[in-house]
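1. No letters, just coordinates:
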């Protein structure tokens, strides 16, 4: 009886192993600048951070979109599981921005000249996140209406609506992590090129700081204010 040689690839495509063929590592690793064509050696660092960020953001918005579909079918538990994955994706994308601060602000100017009009505003991943997030909020609001609840009611009666409560917490954490990503991005840009300069698309860097205040789910944040007021009123009576 012949025994298969497990060291030989069986999947189609280029690559010396099935690992390389499945992940298309030849193609993937060719997407970064080659040293001889780089304006500066740190182009590899710069592109690695941004390309991997786009992968994490892609996974994040895919999970949010699928979670929204599950919520439309009242599958709260399955949706929450996917949203927790999406939250980790944002955490990873935010954390790796630390690597960009390892570049010299003067030497980065060499790389910047090669970016053309490229800007983080053009991120496909973040564009898709802005597309799918409002729908997530809408289906959450619809679930509250079905149960005759306001956001404040949900938190006051949280133990009676555990899955819906956990869903609300996932949404506010999603909003929070998007804010943290924006804030971290703003501080990285400020540290590297300054906070009183013009970006690659003619946009003042300080505009990035203003975006930190944007909220996708303001009703969830406002509920905290109302809960504190409600608790204060209860103590006064």
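-> Happy to help now that I have it. Small disclaimer: the values here were computed from a predicted structure and weren't measured.

2. which ones are touching the nearest residue to residue 16 once chain neighbours are set aside?
-> Counting by Cβ to Cβ, 6 or more residues apart in numbering, residue 16 lies nearest to residue 9, which is 7.1 Å off, once chain neighbours are set aside. Backbone N, C-alpha and C define where each C-beta goes, glycine included. Contact criterion Cβ atoms under 8 Å, 6 or more residues apart in numbering gives 15-18, 20-21 as the residues in contact with residue 9.

3. From the residues you listed, pick the one nearest residue 50.
-> For residue 50, the nearest member of the contacts of residue 9 is residue 20. The distance, counting by Cβ to Cβ, is 23.2 Å.

4. ok, residue 227 - how many residues close by?
-> By other Cβ atoms under 10 Å, 14 other residues sit near residue 227.

5. and residue 134, how far is that from residue 16?
-> Counting by Cβ to Cβ, to the nearest Å, the separation of residue 134 from residue 16 is 45 Å.

6. Name the single longest helix found in the chain.
-> For the chain, the longest helix by residue count, based on DSSP state H, is helix 162-193.

7. Tell me which residues of that one come out buried.
-> Residues of helix 162-193 classed as buried under the neighbour-count rule (16 or more other Cβ atoms under 10 Å) are 164, 166-168, 170-179, 181-190, 192-193.

8. for the residue nearest the centre of the chain, what are its contacts?
-> For the chain, the residue whose C-alpha lies nearest the mean C-alpha position (Cα atoms, centre = their mean) is residue 90; its distance is 3.6 Å. Contact criterion Cβ under 8 Å, 6+ apart gives 56-57, 60, 174, 177-178, 180-181 as the residues in contact with residue 90.

9. wait, which of those residues is closest to residue 30?
-> Each of those was scored against residue 30 by Cβ to Cβ, and residue 56 proved nearest at 20.5 Å.

10. what's the neighbour count on the closest one?
-> Residues near residue 56, counting by other Cβ under 10 Å, number 19.

11. The longest helix of the chain - contacts with which helices or strands?
-> Here helix 162-193 is seen to pack against helix 76-95, helix 105-112, helix 124-146, helix 151-156, helix 205-211, helix 218-236 when contacts are counted using 3 or more Cβ pairs under 8 Å, 6 or more residues apart in numbering; DSSP states H and E.

12. for the helix-or-strand element of the chain with minimal mean pLDDT, packing partners?
-> Confidence across the helices and strands of the chain bottoms out at helix 205-211, with a mean of 75, counting by mean pLDDT, DSSP states H and E. Packing contacts for helix 205-211, counted by 3+ Cβ pairs under 8 Å, 6+ apart, involve helix 162-193.

13. Next, the angle helix 124-146 makes with the helix it packs on.
-> Our comparison of helix 162-193 with helix 124-146, counting by axes from the mean of the first three to the mean of the last three Cα atoms, to 10 degrees, yields an angle of 150 degrees.

14. now helix 162-193, how far from the centre of its chain.
-> Taking the mean of its C-alpha atoms, helix 162-193 sits 8 Å from the chain's own mean (Cα atoms, centre = their mean, to the nearest Å).

15. for stretch 79-97, same thing?
-> Relative to the centre of its chain, stretch 79-97 is centred 6 Å away, using Cα atoms, centre = their mean.

16. And for stretch 50-57?
-> Computed by Cα atoms, centre = their mean, the chain-centroid distance of stretch 50-57 equals 9 Å.
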